[in-house]
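*Asks:* Here's a sequence, model it:
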Amino acid sequence: MAKAVRRPTMEDVAKLAGVTQPTVSYVINGTANISEEVTSRVHAAIATLGYQPNMLAKNLKTRATETIGFLVPDITNIYYSTITKGVERALRERGYLAFLAVTGYDMKVEQRYVKSFIQHNVAGIIVAYSPSDEKLYEFIEHTRIPLLVMDDQPLNPNIPTVQLCNEEGGRLATEHLISLGHKKIAFASEPLVKYPLHQRLQGYENALNKAGLPISSEHILIAEKQPNIFEMGYNLGCRLLRADVNAVFATSDHLAFGIIKALTENNIRVPEDISVIGYDDVPMADMITPPLTTVAQPMEAMAAKGAELLLDIITGVPCETQVTLLPSLMIRKTTAKKDNSCAVVRKG
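*Replies:* Next comes the predicted model:
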């Protein structure tokens, strides 16, 4: 059986350098004036032994770290992976590291990670989605660790947030379809457990009301929870085959991809027979055939602004604590003017 490798300690460094252990600590932390000759000996001993300081032990003494806890639900989703890369880059540019926690929308996992953040004395926490339980925000606030929320609206208005105006996005998508002559427009969404999805539905309904079009419960299609969002979209697309609609607003590009696949397999042409618009503007949206019309979210801007805002709060820099970013419409090839000579054939 292989023996466990013993990691070098500060005591080992002190013996090799011929100094006391407190002197090694002073050199590492820069907390005392140590001669250049002694400092060189300590650094040489550290290099020889491959010693790495125990940052957790240091943090327990100083109560300060350069690590930010970052909660996301899923990094296989391009939206969240883009946000994650943007936050990590923005933190790193200011000398901080991200402690990434992928929760899978599991409340117990969320709580476990937050407790781990606390144990590691993170300097702050970013939550980049609507957690399973609003009480998670209360728990974090009780610890007095600086908190920033992205793309969600906590009940407590004092929690700093960087939001995307999802109601505006829902309105943009629906008004675009209305401008093309569509009057029977479906709203297709994953389960409405997240605040942004409710806001997109509100924007959809507001646009229909403004245009004097009826809001039909038959046209609001909410998927059952599934682990694969593409399959969720595909199943919604199959349900659309039985709906009397000529356009659909999908609340994410991934849902739209699945919807288009289901329609195409059933000889429903996009956009000739039915127009489809997505939401997010992930990179694949411009690569599928036909390219997806969608609502673009400023994901990179939100990530950078969120990281910047939290670090300003941590360092005491005066800053705006409630930031809202606006989406924009990306018109491509999956939406077109309604052709009155064409109609979707309802099946089943």
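
*Asks:* which stretches of the stretch 101-250 of the chain form helices?
*Replies:* Ranges of helices within the stretch 101-250 of the chain are 107-119, 135-142, 166-179, 195-210, 229-240, based on DSSP state H, counting those that start in this stretch.

*Asks:* Pick the most deeply packed of the ones you listed.
*Replies:* helix 166-179 (a mean of 22; mean count of other Cβ atoms under 10 Å). In short, each C-beta sits where N, CA and C put it, glycine included.

*Asks:* Pull up the gap between Val122 and Glu134, please.
*Replies:* Separation of Val122 from Glu134 (Cβ to Cβ, to the nearest Å) stands at 21 Å.

*Asks:* And Leu310, by the same measure?
*Replies:* 20 Å.

*Asks:* Please apply the same query to Ala285.
*Replies:* Distance from Ala285 to Glu134, by Cβ to Cβ: 32 Å.

*Asks:* about what we covered before: ok, Leu310 and Glu134, which is more surrounded?
*Replies:* For the pair Leu310 and Glu134, the greater number of neighbours falls to Leu310 (28 against 13), based on other Cβ atoms under 10 Å.

*Asks:* my guess is that one contacts Gly124, does it?
*Replies:* Yes - if you go by Cβ atoms under 8 Å, Leu310 and Gly124 touch, sitting 4.9 Å apart.

*Asks:* Report the set of residues contacting both of these two.
*Replies:* 68, 146, 148 (Cβ atoms under 8 Å, 6 or more residues apart in numbering).

*Asks:* thinking again about what came up before, quick one: which of the helices of the stretch 101-250 of the chain is nearest Ala17?
*Replies:* Taking Cβ to Cβ, helix 107-119 is the member of the helices of the stretch 101-250 of the chain nearest to Ala17, at 31.7 Å.

*Asks:* if you skip the residues just before and after it, what's nearest to Ser132?
*Replies:* Nearest non-adjacent residue to Ser132, counting by Cβ to Cβ, 6 or more residues apart in numbering: Met107, 3.9 Å away.

*Asks:* just Pro298 next, same as before
*Replies:* Per Cβ to Cβ, 6+ apart, closest to Pro298 is Leu325, 5.0 Å.
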